[in-house]
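Engineer: What follows is a predicted structure for the sequence shown.
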Amino acid sequence: MAGSPLVVYYVTAHGFGHATRAAAVIAELERRGARVVVRTAVPAWLFADEGLAAPVQPFDADVGLLMLDALTVDVGASLSAHEGFLARWEDTVRREAAVLASLNAAVVASDAGALPLEAAARAGRPSVLVSNFSWDWIMEPWAAADPRWEAVRARHAAACAEASLFVRLPLGGDSPACRRRVECPLVVRSPRLSKAEAFAALGLDPADPRPVVAFSFGGIGWDGSALRCEGGLEGYRFIAYVPKPAGLRCGWTQLPKHSPMRHCDVLAAADVVFTKPGYGTFSESLAARVPALVVPRTDFRESALLTESLARLGRMRLIAREDFEAGRWEAGLAALRASGGSWAPLDRSGAAFAARCILEAL
């Protein structure tokens, strides 16, 4: 392995979905004999839990977006954070170019930060953006209305233009500044557990007829204290990473944030996933063929495309945000479970495809 090429893989900390799909690509890189170093602000345990050999070095590759909760972007705070990041941009690029040279990196991959692409160009290394969007594309609607956002967007776009290749994942948007691109199949993790094994790991009684709902909202800041529960949820069992909301009457199993159960293995036990738009959960819903009840978002450009893709490829139903926040969940869950519809054929070879593109960039 000492003589094999080194891939330095940058991963944004804006949501674990970026990290889980990057981990799937990194696993393929390692299977192909590459050495990988991960630079990210994501907790190192997430990559270790995937069985990767790659060391994880703390580095915040981008700002992403600051959230008021799992459903609401704090646009003003996000802009201020990006302006601060822009003020440090040149110094950070210079330091990262030196890091890449000291590591003797052969190629740089990024999901989905733009700065690493510029650092790679400064260090004379090829780079590959592996994502279903770039941040300048996300920022375009805000930039059209606010020159402060336009300055941030333009800086990200200029960095994306330095990429050797954009490996565009499905279910999302674009990176308009990238000069060369290829379309990638779905990148998604595979569960390690069967349904029976997942039930056993979660302590669920297989004889209990109640449907299992995976409640998947990331780091949601909603505690349910204002919940006006209208009943009807006693017939469901929920698996969640957050505490049971006050007033909610149903079965509720809370998992720790760093759970021995990977999210895709939780879905192996689920009859429904209750979630917001996001690549990680949507891709795992499609792969596991678990219908999704989705709370829509209007403040994040990727969300509509994700939802359209899930509706086209799988089974999903929207629930109004006011119904979600009021605990009126039963009607949406029942309608989703009663709905028909087929699952489209799914090409899940994206991790191998992306890994090959990264190594071919050499």
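Structural biologist: That came through, no problem.
Engineer: list the contacts for the residue nearest to Pro243 when sequence neighbours are not counted?
Structural biologist: Of all residues not flanking Pro243 in the chain, Gln254 sits nearest, at 5.9 Å (CB to CB, 6 or more residues apart in numbering). From N, CA and C alone the C-beta is placed, and that goes for glycine too. When contacts are counted by CB atoms under 8 Å, 6 or more residues apart in numbering, Gln254 touches 240-244.
Engineer: Let me know the closest of those residues to Arg180.
Structural biologist: Nearest to Arg180 among the contacts of Gln254: Tyr241, at 38.5 Å, using CB to CB.
Engineer: and that closest one, how many neighbours does it have?
Structural biologist: 20 (other CB atoms under 10 Å).
Engineer: which residues in the stretch 251-362 of the chain form helices?
Structural biologist: Here the stretch 251-362 of the chain has its helices, by DSSP state H, counting those that start in this stretch, at 263-269, 279-288, 302-313, 321-326, 330-338, 350-360.
Engineer: One more: the stretch 51-200 of the chain?
Structural biologist: Under DSSP H, counting those that start in this stretch, the stretch 51-200 of the chain gives helices at 75-103, 115-122, 135-143, 147-160, 195-202.
Engineer: List the residue ranges of the stretch 101-250 of the chain that fall below the pLDDT cut-off.
Structural biologist: Along the stretch 101-250 of the chain, the model assigns pLDDT under 70 to residues 219-231.
Engineer: all strands of it, in order?
Structural biologist: Here the stretch 101-250 of the chain has its strands, by DSSP state E, counting those that start in this stretch, at 107-111, 127-131, 165-168, 181-183, 212-216, 237-240.
Engineer: So what's the gap between the second one and the chain middle?
Structural biologist: This means strand 127-131. Chain-centre distance of strand 127-131: 15 Å, with CA atoms, centre = their mean, to the nearest Å.
Engineer: swap in the fifth one?
Structural biologist: In terms of CA atoms, centre = their mean, the centre of strand 212-216 is set 17 Å apart from its chain centre.
Engineer: ok, and what's touching that strand?
Structural biologist: Taking CB under 8 Å, 6+ apart as the rule, strand 212-216 contacts 204, 236-242, 263, 266-267, 269-275, 281, 290, 293, 333.
Engineer: Equivalent analysis for stretch 232-245, please.
Structural biologist: So stretch 232-245 is in contact with 202, 204, 208, 210-218, 220, 222-225, 227, 248-257, 259, 266, 269-270, 274, 327, 329-331, 333, going by CB under 8 Å, 6+ apart.
Engineer: In it, which residues are buried?
Structural biologist: Buried positions in stretch 232-245, judged by neighbour count with 16 or more other CB atoms under 10 Å: 232-233, 236-242, 244-245.
Engineer: between these, which is nearest Pro345?
Structural biologist: When the buried residues of stretch 232-245 are compared for distance to Pro345 (CB to CB), Ile239 comes out closest, at 28.1 Å.
Engineer: any idea how far the closest one lies from Gly314?
Structural biologist: Distance, Ile239 to Gly314, using CB to CB, to the nearest Å: 20 Å.
Engineer: just checking, Ser190 touches Ala288?
Structural biologist: No - with contact defined as CB atoms under 8 Å, Ser190 does not count as touching Ala288 (9.4 Å).
Engineer: which of those two has more neighbours?
Structural biologist: Taking other CB under 10 Å, Ser190 and Ala288 do not tie; Ala288 has more neighbours (21 against 14).
Engineer: and the more buried one, what does it touch?
Structural biologist: Ala288 sits next to 191, 264, 267-268, 270 when contact means CB under 8 Å, 6+ apart.
Engineer: make it 10 Å
Structural biologist: 188, 190-191, 195, 214, 264-270, 273, 314 (CB atoms under 10 Å, 6 or more residues apart in numbering).
Engineer: Need the residues you listed in CSV (columns: distance to Val7).
Structural biologist: Converted to CSV, those look like this (distance: CB to CB, whole Å):
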residue, distance to Val7
Val188, 20
Ser190, 21
Pro191, 26
Lys195, 35
Ala214, 32
Cys264, 24
Asp265, 27
Val266, 29
Leu267, 29
Ala268, 30
Ala269, 34
Ala270, 34
Val273, 32
Gly314, 32
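Engineer: now, which of those residues sits nearest Glu96?
Structural biologist: Distance to Glu96 across the contacts of Ala288 (CB to CB) is lowest for Val188, with 29.0 Å.
Engineer: ok, the closest one to Val36 distance?
Structural biologist: Using CB to CB, we find Val188 at a distance of 19 Å from Val36.
Engineer: neighbours of the closest residue to Leu193 other than its chain neighbours, just the number please.
Structural biologist: Excluding its sequence neighbours, the residue lying closest to Leu193 (CB to CB, 6+ apart) is Asp265, at 4.5 Å. Look at Asp265: counted by other CB under 10 Å, it has 22 neighbours.
Engineer: how near is Asp265 to Asp208?
Structural biologist: Relative to Asp208, and taking CB to CB, Asp265 is found at 19 Å.
Engineer: Then Ala109?
Structural biologist: Distance, Ala109 to Asp208, by CB to CB: 44 Å.
Engineer: same question, Leu52
Structural biologist: As defined by CB to CB, Leu52 lies at a distance of 36 Å from Asp208.
Engineer: So between these two, which is more surrounded?
Structural biologist: Leu52 (20 against 11).
Engineer: Leaving out sequence neighbours, find the closest residue to that one.
Structural biologist: Ile26 (5.6 Å).
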